[in-house]
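S.K.: Just need the structure, nothing else, for what follows:
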Amino acid sequence: MDGLIKGLLDVALDAIGNDDGDRRSGSQNQDERSRSTWAQVVTGEEDKGEEENGGRRQGHHRNQWNREEEKCGQTEEWEIAGSRPSRRPQKAVHEGYDNDEYGGQHDNNQNYWKQKEEKEESNDGWETVGKKPPKRPQKVKTDHWNKYKQPASEQEYSDEIEHGNNTEPSEEELADVSLACNKLWELDINRLIPGKDYQIDCGEGKKVYQKEDMAEGSLFYWLNEDVFRRPTFSRFCSLLDNYNPHEGYKETITSEEKQEEAAFIEEISRTAPIKYLFKYLSTKGIVSGNYQDFKRMMKNLWFDLYGRGGTSSCSSAFEHVFIGEIKNRGEQEVSGFHNWLQFYLEEAKGRVDYQGYIFPRRRGQTPDSETQLLTIQFEWNGVLKSVSSTLVGVSPEFEIALYTLCYYVGGEDNQVQLGPYPVNIKCYRFGNKIGSVFPIAEC
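M.R.: Just a heads-up that it's a prediction; the model follows:
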């Protein structure tokens, strides 16, 4: 009897123990399922499954422009955890301009960008930390550029503006190149206003030798499309596709392109900075008092071809300074390329990858969205430009006048003041031509 009772008790205790174990096991499995679900949310595995079922994809663009163009409009891969937020370059949207002269074709489909923005905004209320707001596509009207290829005498130009005595250099300015350069800055009424005409994001800073990409996005966030309707800006931009960027390749300039060059010089010659330059140089006896002779001199100085890198007729002052060249001897590197309009348009096409600003020499001088003199690092067509200085928002006529003035009356180093910026205009001569000229921030 005692044995029977003991046996019944053992069976009852075993049943209770198994029940507790099942409950503990069930609770543990539930906790594991809960943790697994949260891990999927954090890592994106759950969202990935949902988006694959729903047809929504989030991709990342590779930094080099050719890879980016190959991926544009195709199904893109998932962003690796810890990588930089995806870049979406602003697109220069207009007829003809997106044709890649090196063999590529740029996507003009605005609906693609609109759908992409809607997908990024529709994220179930979740916001990606550190992700920048989407950029709006950039429209650049170029249908009137063909008119610039006509003979200069047949083109329409801006009306002459009477500037009175403002373009007459003073005795003090004639004796001091810094005062003359600052006068050019004051005369640049076409200079853009930060925050009103454009917006930049400088990102993070770095030292020249650092190779890490310190910018999460593009340098230019937006640019007012009305800028490209300004005559000197428009004519300047029409010249940018006339050259092969690889140093050592012989340039072939057509008769139509020569007419574009002459028309550009004629257009800027109607502005205050160029009129001041003419009066300055003629007063010093460097050029004659004939304005037509002066315009021919300007065209020859900036557009005449000369040899560089062992090849004749492969470069010009305009190409090197404003467009840039890629050296192919030894390790590839970018030389020249000091113009902000060229930077903006190449960045919009995905050819430029902005990598951050270079730390200024003085502490407390960190650049921001209002700064108009930047020292930066970037890649162009996948080739590094480790340090480059550029004046942001200034007009083409101002830069042409500034650099021409320093070439004729300055030396290799020209310490000048441009508005609030102390600058060294570095000027290298190449025989009787401009080899290179660019600004260096002095702070």
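S.K.: where does the protein have low pLDDT?
M.R.: For the chain, the stretches flagged by pLDDT under 70 are 1-144, 152, 162-164, 362-364, 443.
S.K.: Tell me which stretches of it form helices.
M.R.: Assigned by DSSP state H, the chain shows helices spanning 2-43, 45-54, 65-71, 110-121, 171-175, 177-187, 231-238, 255-268, 272-283, 291-303, 317-318, 340-348, 396-409.
S.K.: now for the fifth one, which elements pack on it?
M.R.: So the one you mean is helix 171-175. helix 177-187, helix 272-283 (3 or more Cβ pairs under 8 Å, 6 or more residues apart in numbering; DSSP states H and E). Placement of C-beta: from N, CA and C, glycine included.
S.K.: rerun at 6 Å
M.R.: Other elements packing on helix 171-175 under the criterion 3 or more Cβ pairs under 6 Å, 6 or more residues apart in numbering; DSSP states H and E are helix 177-187.
S.K.: Which strands or helices does the helix it packs on pack on?
M.R.: helix 171-175, helix 272-283, helix 396-409, strand 413-418.
S.K.: Now do the longest one and strand 413-418, the angle between them.
M.R.: Taking axes from the mean of the first three to the mean of the last three Cα atoms, to 10 degrees, one finds that helix 396-409 is oriented at 140 degrees with respect to strand 413-418.
S.K.: contact partners of helix 396-409?
M.R.: Contact partners of helix 396-409, identified using Cβ atoms under 6 Å, 6 or more residues apart in numbering, comprise 177, 181, 184, 188, 232, 236, 268, 271, 273-274, 277, 281, 286, 414, 425, 427, 434, 437.
S.K.: and if we set it to 8 Å?
M.R.: Applying Cβ atoms under 8 Å, 6 or more residues apart in numbering, the contact partners of helix 396-409 are 177, 180-181, 184-185, 187-188, 190-191, 232-233, 235-236, 264, 268, 271, 273-274, 276-277, 280-281, 284, 286, 298, 301-302, 321-322, 339, 341, 391, 414, 416, 418, 425, 427, 429, 434, 437.
S.K.: coming back round to it: wait, which of the helices and strands packed on helix 177-187 is closest to residue 332?
M.R.: Minimum separation from residue 332 across the helices and strands packed on helix 177-187 (Cβ to Cβ) falls at helix 396-409, 25.9 Å.
S.K.: Buried residues in that closest one, which are they?
M.R.: Going by neighbour count (16 or more other Cβ atoms under 10 Å), the buried part of helix 396-409 is 396-408.
S.K.: repeat for stretch 284-297
M.R.: By neighbour count on 16+ other Cβ under 10 Å, the buried set for stretch 284-297 is 287, 294, 295, 297.
S.K.: Looking at those residues, which is nearest residue 246?
M.R.: Comparing those against residue 246 with Cβ to Cβ places residue 297 closest, at 29.0 Å.
S.K.: how far away is the closest one from residue 316?
M.R.: 15 Å (Cβ to Cβ, to the nearest Å).
S.K.: what's the straight distance from one end of stretch 413-424 to the other?
M.R.: 6 Å (Cα to Cα, to the nearest Å).
S.K.: Buried ones in that stretch, by neighbour count?
M.R.: Using 16+ other Cβ under 10 Å as the test for burial, stretch 413-424 gives 414, 416, 418, 421, 423, 424.
S.K.: For these, work out which two are farthest apart.
M.R.: Most distant of those, by Cβ to Cβ, are 414 and 421, 13.3 Å apart.
S.K.: what's the neighbour count on the residue nearest to residue 433 when sequence neighbours are not counted?
M.R.: Excluding the flanking residues, the one nearest residue 433 by Cβ to Cβ, 6 or more residues apart in numbering is residue 306, at 5.4 Å. Residue 306: 17 surrounding residues under other Cβ atoms under 10 Å.
S.K.: Check residue 389 too.
M.R.: Residues near residue 389, counting by other Cβ under 10 Å, number 17.
S.K.: Run through the bridge partners of it.
M.R.: For residue 389, the beta-bridge partners under DSSP bridges are residue 375.
S.K.: List the residues that contact it.
M.R.: Going by Cβ under 8 Å, 6+ apart, residue 389 touches 338, 373, 374, 375, 376, 438, 439, 440, 441.
S.K.: just residue 203 next, same as before
M.R.: For residue 203, the contact set (Cβ under 8 Å, 6+ apart) comprises 214, 215, 216, 217, 219, 354, 356, 357.
S.K.: Of these, keep whichever come out buried.
M.R.: Burial by neighbour count, 16+ other Cβ under 10 Å: within the contacts of residue 203 this picks out 214, 215, 216, 217, 219, 354, 356, 357.
S.K.: Roughly how far does the fourth one sit from residue 244?
M.R.: Pointing back at residue 217 there. According to Cβ to Cβ, residue 217 and residue 244 sit 30 Å apart.
S.K.: do the same with the third one
M.R.: According to Cβ to Cβ, residue 216 stands 32 Å off from residue 244.
S.K.: And the first one, by the same measure?
M.R.: For residue 214, the distance to residue 244 (Cβ to Cβ) stands at 31 Å.
S.K.: again, but for the last one
M.R.: The span separating residue 357 from residue 244 equals 29 Å under the rule Cβ to Cβ.
S.K.: Also residue 374?
M.R.: Taken as Cβ to Cβ, the span from residue 374 to residue 244 is 27 Å.
S.K.: Then residue 149?
M.R.: Residue 149 is 19 Å from residue 244, by Cβ to Cβ.
S.K.: what does residue 202 give?
M.R.: Per Cβ to Cβ, residue 202 is found 31 Å from residue 244.
S.K.: Residue 387 now?
M.R.: Between residue 387 and residue 244 the computed distance is 24 Å (Cβ to Cβ).
S.K.: was I right about residue 172 contacting residue 179?
M.R.: Yes. Counting by Cβ atoms under 8 Å, residue 172 does reach residue 179; the two are 5.6 Å apart.
S.K.: Show me which of those two is the more surrounded one.
M.R.: Comparing residue 172 with residue 179 by other Cβ under 10 Å, the one with more neighbours is residue 179, at 15 against 10.
S.K.: neighbours around the residue nearest to the more buried one when sequence neighbours are not counted, how many?
M.R.: Using Cβ to Cβ, 6+ apart and skipping residues adjacent in sequence, the residue nearest residue 179 is residue 173, 4.6 Å away. For residue 173, the neighbour count with other Cβ under 10 Å is 19.
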